[in-house]
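Visitor: With the input below, show me the fold.
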Amino acid sequence: QVQLVESGGGLVQAGGSLRLSCAASGRTFSRPGMGWFRQTPGEEREFVATINWSGSTTYYTDSVKGRFSISRDNANNTVSLQMGSLKPEDSAVYYCAARSYGLSSASMSRHDYGFWGQGTQVTVSS
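Guide: Next up is the predicted model:
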């Protein structure tokens, strides 16, 4: 099993920045592809960003390109999401996710992830 714990959410004004962090524990962390997803009430969980195990490949949903950046530190078992130029429509619960063992590539599909954190709330005020 892999346990994921997100932190760094909060309330920020439009145009501001936040950095989300995800700490992993349990089974060896160094290999799985990782992702960030977000969800608002009544909506499906949507893809935000993903990174492969080496950090050499990243993908973003169109609405965050140029504003968000995903990165990982395999030595410290963490993955981060730097969010800038935040907009009210970025408000959501943000979830960190890890792919199942042996799946090291990045993926934009939530169905490709076997482990999820509990989520952290991000609220952007206008």
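Visitor: So for K65, what's the pLDDT?
Guide: Here, the pLDDT recorded for K65 equals 98.
Visitor: measure it to N77 for me?
Guide: Distance of K65 to N77, given as CB to CB, to the nearest Å: 27 Å. All C-beta atoms are positioned from the backbone trio N, CA, C, and that covers glycine.
Visitor: These two: which has the busier surroundings?
Guide: N77 (17 against 10; other CB atoms under 10 Å).
Visitor: you'd agree A75 is in a helix?
Guide: Yes: assessed with DSSP: H, G, I helix; E, B strand; the rest coil, A75 lies in a helix.
Visitor: Just the pLDDT at it, thanks.
Guide: 90.
Visitor: okay, now it: neighbour count?
Guide: As a measure of burial, A75 has 8 neighbours, counting by other CB under 10 Å.
Visitor: ok, it to Q82 distance?
Guide: In terms of CB to CB, A75 sits 19 Å off from Q82.
Visitor: Could you tell me which residues within stretch 107-114 count as buried?
Guide: Of all the residues in stretch 107-114, those buried under the rule 16 or more other CB atoms under 10 Å are S107, R110, D112, Y113.
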